[in-house]
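Chemist: I would like the atomic coordinates for the input below:
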Amino acid sequence: MIEKTSPVRVSGISQFDDAFAKLRDTTGLGYMDDQNDPVTMVLGLKDVRKAAHNSVVFQSGAKPGRIVIPSEVAIRETRQIPFEVDQPEHKGFRELLNPWFKRPLEAQYQKQLQQIIDDTIDYALSVDTIELVAEFALTLQSKALTLLLNTKADEAQTWIDWGTHVFRSEESDLDASKANILYDYIDTQIDKAMQYPSDDLYSVLLNAQANGKKLTKEEVKGVMILTFAGGRDTVINAITNTLAYFSENISDLTRIANEPEIVNRAVEELIRYFSPLTQMGRVATENTSVCEHAIKKDSRISLCWASANRDDKVFNQPNTVDFDRKVNPHVSFGFGHHNCLGATHARQILRLLVTSLANRVAEIHPIQADEKIEQLGTTSRKVGFNQLHVRFVAKSSSC
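Modeler: Numbers count the residues shown, from 1 in each chain. Below is the predicted model of the structure:
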């Protein structure tokens, strides 16, 4: 319980160290075991981009769940689409899905998203303290997802009740019973859309074709699992980490209020610095090598976005947040034809959120923090927060 009087403020929460610097500068590789399925982590930006581009040798369409780290093969048989599909089939699915997932660029979509963001900030300003992960970021992410799916707004509460991750619980990083809640929910929504078609994503997919064939129910389910799972804790991390940064760097938020034209550059820099998703796997289709290290056929590598985004061979002063960074080829949303399907949606959330914070919030006081740490072999990386309690202070009307 957070005391309402004289709370003790914490500091240093906006610092996200580069966990991979030493390995990246020596071998260029890291190693971890994932449920007895070892992973070779590719760390340098050039090597990450090269491996991501080579989809023939480094496959995404392996056994469903295997390219995710931690692997989801024990809790999932449905292939996430287009995430776990290789070329040439991948192209057909992306051509179908891209127009839908580009809708956040539309003015009406942004207007509705802005209202969700304003309502969330209103609540944060109305209470003495707020826990950012569950009360702010999860709520905002879930309500924004109703726009992306074009479904009823009250569905968001169901998703909020699931918690910050659809596969992980306090007991396990891979909770099959929790995952089944998502699968059963999607099955029910697909059945409803088959019986009562509407203009939501379920109905659109059920009546769509890709690669010259109508989507099967299983393929629709695969798209929906990706939409729910892939953009959940990553967006939550991005929102929470952004708020943590501005709580300790309020002058940067003031600068955005005075120079709104830099907001896109600021968002890209924050995404680079925090890298909400550490890595994503691939499976080798043949014996090959990375950084002069042998990679055996059917073994896994990871494309370590978080390490690549701190590569000092590419980024000047990579461990500093610099809103004036001129060259920023970050890979926080992936690279190549498997770049994140929901990137446009995530960017719009952050752009509108940061702009609204700059215009409405004078200070964010961090009070209590519980950092979320990933253990990756011998390497530990801060990826976000389990909890972060803060106090918002509104700008005065004269500001």
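Chemist: roughly how far is stretch 194-214 from the heart of the chain?
Modeler: 26 Å (Cα atoms, centre = their mean, to the nearest Å).
Chemist: contact partners of that stretch?
Modeler: The contact list for stretch 194-214, computed with Cβ atoms under 8 Å, 6 or more residues apart in numbering, reads 88-89, 92-93, 95-96, 100, 148-151, 189-190, 192-193, 215, 217, 219-220, 223-224, 227. Where C-beta positions appear, they are placed from N, C-alpha and C, glycine not excepted.
Chemist: Show residues contacting stretch 224-231.
Modeler: Outside stretch 224-231, the residues within contact range by Cβ under 8 Å, 6+ apart are 76, 78, 80-83, 141, 145, 148-149, 159, 166-167, 182-183, 186, 189-190, 201-202, 205, 340-342, 345-346.
Chemist: go on, stretch 27-42?
Modeler: By Cβ under 8 Å, 6+ apart, stretch 27-42 touches 20, 23, 43-44, 47-48, 51, 66, 69-71, 74, 279, 281, 290-291, 293, 295, 299-304, 307, 376-377, 379.
Chemist: ok but Glu363 is inside a strand, no?
Modeler: Yes. Under DSSP: H, G, I helix; E, B strand; the rest coil, Glu363 falls within a strand.
Chemist: Can you verify my assumption that it contacts Ile250?
Modeler: Yes. With contact defined as Cβ atoms under 8 Å, Glu363 counts as touching Ile250 (5.9 Å).
Chemist: Of these two, which one has the most company?
Modeler: Higher neighbour count among Glu363 and Ile250: Ile250, with 17 against 14, using other Cβ atoms under 10 Å.
Chemist: ok, that one to Val10 distance?
Modeler: 15 Å (Cβ to Cβ, to the nearest Å).
Chemist: ditto for Lys221
Modeler: From Lys221 to Val10 the distance is 42 Å (Cβ to Cβ).
Chemist: more crowded one of the two?
Modeler: Lys221 (22 against 17).
Chemist: If you count neighbours, what's buried in the helix or strand encompassing the more buried one?
Modeler: Here Lys221, judged by DSSP states H and E, is contained in helix 217-230. Buried residues in helix 217-230, counted by 16 or more other Cβ atoms under 10 Å: 219-230.
Chemist: repeat for stretch 179-193
Modeler: 179, 182-183, 185-186, 189-190, 193.
Chemist: Residues in contact with that stretch: which ones?
Modeler: Applying Cβ under 8 Å, 6+ apart, the set of residues contacting stretch 179-193 is 72, 75-76, 78, 158, 162, 166-167, 200, 202-203, 206, 217, 220-221, 224-225, 228-229.
Chemist: what mean pLDDT would you report for that stretch?
Modeler: Averaging pLDDT along stretch 179-193 yields 97.
Chemist: Stretch 366-381 too?
Modeler: 95.
Chemist: Return it as CSV; C-alpha atoms alone will do.
Modeler: Extracted C-alpha coordinates of stretch 366-381, given in CSV (Å, rounded to 0.1, in the frame of the first residue of the first chain):
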residue,chain,number,x,y,z
PRO,A,366,8.2,8.4,-9.0
ILE,A,367,7.4,6.9,-5.6
GLN,A,368,7.9,3.1,-5.6
ALA,A,369,9.4,0.8,-8.3
ASP,A,370,9.7,-2.9,-8.8
GLU,A,371,11.9,-3.5,-11.9
LYS,A,372,11.3,-6.3,-14.3
ILE,A,373,14.5,-8.2,-14.9
GLU,A,374,15.0,-10.8,-17.7
GLN,A,375,17.6,-13.5,-17.1
LEU,A,376,19.2,-14.4,-20.4
GLY,A,377,21.9,-17.0,-19.7
THR,A,378,24.5,-15.2,-17.7
THR,A,379,23.2,-11.8,-18.7
SER,A,380,20.5,-9.9,-16.8
ARG,A,381,18.5,-7.2,-18.6
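Chemist: who touches that stretch?
Modeler: 2, 7-11, 13, 19-20, 23, 30-33, 41, 129, 237, 244, 247-248, 278-279, 306, 382-391.
Chemist: what does stretch 54-62 give?
Modeler: 51-52, 67, 79, 83-87, 89-90, 282-286, 288, 301, 336-338.
Chemist: Pull out the buried residues from those.
Modeler: Judged by 16+ other Cβ under 10 Å, buried ones among the contacts of stretch 54-62: 51-52, 67, 79, 83-86, 90, 282-285, 288, 301, 336, 338.
Chemist: which ones among those are found in strands?
Modeler: Within the buried ones among the contacts of stretch 54-62, membership in strands is found for 282-284, 288, 301, as judged by DSSP state E.
Chemist: I'd like those as CSV, with pLDDT appended.
Modeler: Shown next, in CSV, are those (pLDDT from 0 to 100):
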residue, pLDDT
Arg282, 98
Val283, 98
Ala284, 98
Thr288, 97
Ile301, 98
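Chemist: For these, give me a markdown table that also has distance to Ser396.
Modeler: Shown next, in a markdown table, are those (distance: Cβ to Cβ, whole Å):
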| residue | distance to Ser396 |
| --- | --- |
| Arg282 | 52 |
| Val283 | 56 |
| Ala284 | 59 |
| Thr288 | 61 |
| Ile301 | 53 |
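Chemist: Nearest to Arg351 among those residues?
Modeler: Arg282 (30.2 Å; Cβ to Cβ).
Chemist: Who is that closest one paired with across the strands?
Modeler: With DSSP bridges as the criterion, Arg282 is bridged to Ile301.
Chemist: quick one: it and Ala51 touch, right?
Modeler: Yes. Arg282 lies in contact with Ala51 (Cβ under 8 Å); the separation is 6.7 Å.
Chemist: what touches both of the two?
Modeler: In contact with both Arg282 and Ala51: 58, 301, 303, using Cβ under 8 Å, 6+ apart.
Chemist: related to what we said a few turns ago, now, of the contacts of stretch 27-42, which are buried?
Modeler: Here, 16+ other Cβ under 10 Å leaves 20, 23, 43-44, 47-48, 51, 66, 69-71, 279, 281, 290, 295, 300-304, 307, 376, 379 buried among those.
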